[in-house]
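> Sharing a sequence plus its predicted fold:
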Amino acid sequence: TADQSSSSSADSVLEFIGGCDDALEWCRKFAQPPAAAAPGGDVAEMVPDGHTPSHSYDYDLVILGGGSGGLAASKEAAKLGAKVAVLDYVKPSPAGSKWGLGGTCVNVGCIPKKLMHNAALLHGNYVHDQPHYGIGVTPESVEANYGMTQDNAAAAHSWDMLKQNVQNHIRGLNFKYRVDLREKEVTYLNLLGKFVDKNTIETVDKKGNVDRVTFSRCMIAVGGRPTPLNCEGGELAISSDDIFSLDRDPGKVLCVGASYISLECAGFLRGIGKDVTVAVRSILLRGFDRECAKLIGEHMKDEGIVFREEVVPTKLEKVGEKIKVTFSNGESDEYDTVLAAIGRSGDTSKLGLENVGIAVNPKNSKISAKFEQTSVPNIYVIGDVMDGCPELTPVAIHAGKALSRRLFGGSKQAMDYRNICTTVFTPLEYGTVGYSEDDAIAEFGEESVTVYHKYFIPLEWSLSPSRGTQQGFCKAVVNKHTDKVLGLHYLGPNAGEVMQGFGTAMKLGCTFEDIIETVGIHPTTAEEFTTLSITKESGEDAAASGC
């Protein structure tokens, strides 16, 4: 190509494109509109924090906390050329439990929880499904049951073997994380840190030796810890920090609280054959969709979990090897294990935040921030310890990476906290993204919200007579005026796998028509979303029919 006003000499040629195909490709690229900004692609307007490449501190960035968010942020910053150190020191739980590098998710959260949930699913498959698929069935057993198959009796279960194998897997992850930090040239310091001033942290090792580390920037990623049970004898209760490494069989268990942590623990414990009771102060799964929470509760009752409703423990006391629990309604019972899961608080009490002028929310000990930047410009916060942040591992990872790119990579991209998928691994798994039905009505008005819903029996459950009363459920919460999907909710097998793809669709602003015009994968439970047609307001039967 050349300027039309210039001569046709070789000197006037600006670029050689090539032949016909190359010329067409050049034209396509030239005519292509600029890429649209990603949904939620807000620009983070940061306050200048005083960082300069020529500073004299020990590190460009010190991260307090070696959990998922802190580790992801440290490696991203190091990749961008920053000199980074991670301080991680696990303070034992009140019951004495300790663990290695990796934070809550790896050691006492998502990973062991999912493994133990899987143990419960495997046991359920053995009892309710395998014989009806012909597994383990003999001619003699068929004859004894008059040509029919029966559920298996519950199998013996070894808590010690499950715990040991889970802990061995976790220790392997702990080692891999340490190796990964070394390979990424991140300094790992197994030290407890406390702020002295806005550029200095006092460190203490397990032997009590005191030292100091200086930094240009700091990122707080210490996460949270379970809120203790506040009643007489509350110290007799354990928490999710302890259950996955418990050195004895849990036996008969009381789970205190109706949080997802409490219900997940109650679910897998019952699934491996334990006698489980849940003490509920008010409602199940506060913050989640009310209809879905109700269906989960009903399913858990069908599984044999006892619910003590509208009560809280008022006293725990040792009676021999048991723990006697007195409830607020005057009733009492004895348990082998009491597990408190009534909430989580930011692990900030020993950080010395008062020395740098950072205040915490008195209700949850968490730190307020804008674009992950605290009131002290060179001190940042990510993950569960940030006030208002969803307590989810992938959120901390994404926020940590995005922040490191802004601090050391020139990015302006803010973390998008909207439309984040999550799954609750109760016996009936619950996957969700976006608004609950209740929140959508509160936000947009009942006259602006349409709910499409369906009950269905997952095909893999259909051969088991004892699962005949168990159903899956899905619904789409839709803006009636724009057809935009506001929320999706799913109850059934493999909820996390089902919901992940819909999360991408939600992030891209999908409409209900987009979903129902998508050809489903058959036969799956995920395709139930693509065949939604019945609205709640119609009053029609929402049970699925046919193939």
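Perfect, thanks for sending it. Predicted, not measured: the structure shown is a model, and the values here were computed from it. Residues are numbered from 1 along each chain as shown.
> CA atoms only: put the strand ranked longest in the chain into PDB for me.
Assignment by DSSP state E gives strand 210-220 as the longest strand of the chain. Backbone C-alpha positions of strand 210-220 (Å, rounded to 0.1, in the frame of the first residue of the first chain) are rendered in PDB as follows:
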ATOM      1  CA  VAL A 210      12.400 -12.600  66.600                       C
ATOM      2  CA  ASP A 211      13.500 -10.800  63.400                       C
ATOM      3  CA  ARG A 212      12.200  -8.100  61.000                       C
ATOM      4  CA  VAL A 213      11.400  -8.000  57.300                       C
ATOM      5  CA  THR A 214      10.900  -4.800  55.300                       C
ATOM      6  CA  PHE A 215       8.800  -4.300  52.200                       C
ATOM      7  CA  SER A 216       7.700  -1.700  49.700                       C
ATOM      8  CA  ARG A 217       4.300  -3.300  49.400                       C
ATOM      9  CA  CYS A 218       2.400  -5.900  51.500                       C
ATOM     10  CA  MET A 219      -0.600  -8.100  50.700                       C
ATOM     11  CA  ILE A 220      -2.700  -9.500  53.600                       C
END
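> residue nearest the centroid of the chain?
In the chain, the residue lying closest to the centroid (Cα atoms, centre = their mean) is Leu392, at 3.5 Å.
> coming back round to it: adjacent strands (with direction) for the longest strand of the chain?
Sheet pairing here is set by DSSP bridges, and for strand 210-220 it gives strand 59-64 (parallel), strand 200-204 (antiparallel), strand 379-381 (parallel).
> re earlier: okay, and the beta partners of the closest residue to the residue nearest to the centre of the chain other than its chain neighbours?
Distance criterion Cβ to Cβ, 6 or more residues apart in numbering; nearest residue to Leu392, sequence neighbours excluded, is Thr422 at 5.8 Å. Heads up, the C-betas are built off the backbone N, CA and C, glycines and all. Under DSSP bridges, the beta-bridge partners of Thr422 are Thr432.
> wait, isn't Thr422 in contact with Pro390?
Yes - applying Cβ atoms under 8 Å, one finds Thr422 in contact with Pro390, separated by 7.4 Å.
> Neighbour count for the two, which is higher?
More crowded of Thr422 and Pro390, by other Cβ atoms under 10 Å: Thr422, with 19 against 15.
> Quick check: which ranges of this protein have low pLDDT?
In the predicted model, the chain carries pLDDT under 70 at residues 1-18, 21-41, 546-547.
> pull the longest helix from it.
helix 159-183 (DSSP state H).
> Who are the packing partners of that one?
helix 68-79, helix 103-108, helix 110-124, strand 187-189 (3 or more Cβ pairs under 8 Å, 6 or more residues apart in numbering; DSSP states H and E).
> Let me have the strands paired with strand 210-220 in JSON lines, extended by mean neighbour count and distance to Thr525.
Compiled in JSON lines, these are given as follows (neighbours: other Cβ atoms under 10 Å; distance: least, Cβ to Cβ, whole Å):
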{"stretch": "strand 59-64", "mean neighbour count": "26", "distance to Thr525": "40"}
{"stretch": "strand 200-204", "mean neighbour count": "19", "distance to Thr525": "49"}
{"stretch": "strand 379-381", "mean neighbour count": "27", "distance to Thr525": "38"}
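> quick one: the strands in the stretch 201-350 of the chain?
Ranges of strands within the stretch 201-350 of the chain are 210-220, 224-226, 253-256, 276-280, 306-309, 313-319, 322-327, 332-335, 337-340, 344-346, based on DSSP state E, counting those that start in this stretch.
> Hmm, Val86 is touching Glu185, no?
No - at 11.8 Å, Val86 and Glu185 do not qualify as touching, with contact defined as Cβ under 8 Å.
> Of the two, which one has the most company?
Val86 (28 against 12).
> mind checking the SS state of that one?
Look at Val86: counting by DSSP: H, G, I helix; E, B strand; the rest coil, its state is strand.
> Quick check: bridge partners of it?
Ile63, Tyr188.
> Quickly note the distance from it to Val385.
Relative to Val385, Val86 is positioned 15 Å away (criterion: Cβ to Cβ, to the nearest Å).
> before we move on, what about Tyr435?
26 Å.
> which of those two has more neighbours?
Each of Tyr435 and Val385 has its neighbours counted (other Cβ under 10 Å); Val385 has more, 30 against 22.
> In contact with that one: list those residues for me.
Gly65, Ile220, Ala221, Val222, Gly223, Gly224, Gly346, Asp347, Thr348, Lys366, Ile367 (Cβ atoms under 8 Å, 6 or more residues apart in numbering).
> Pretty sure Gly65 is one of the things the fourth one touches, is it not?
Yes - judged on Cβ under 8 Å, Val222 makes contact with Gly65 at a distance of 4.1 Å.
> Those two: which is more packed in?
Ranked by neighbour count (other Cβ under 10 Å), Val222 and Gly65 place Gly65 first, with 31 against 28.
> and the more buried one, backbone torsions?
Torsion angles at Gly65 (phi, psi; degrees, to the nearest 10) stand at phi 120, psi 120.
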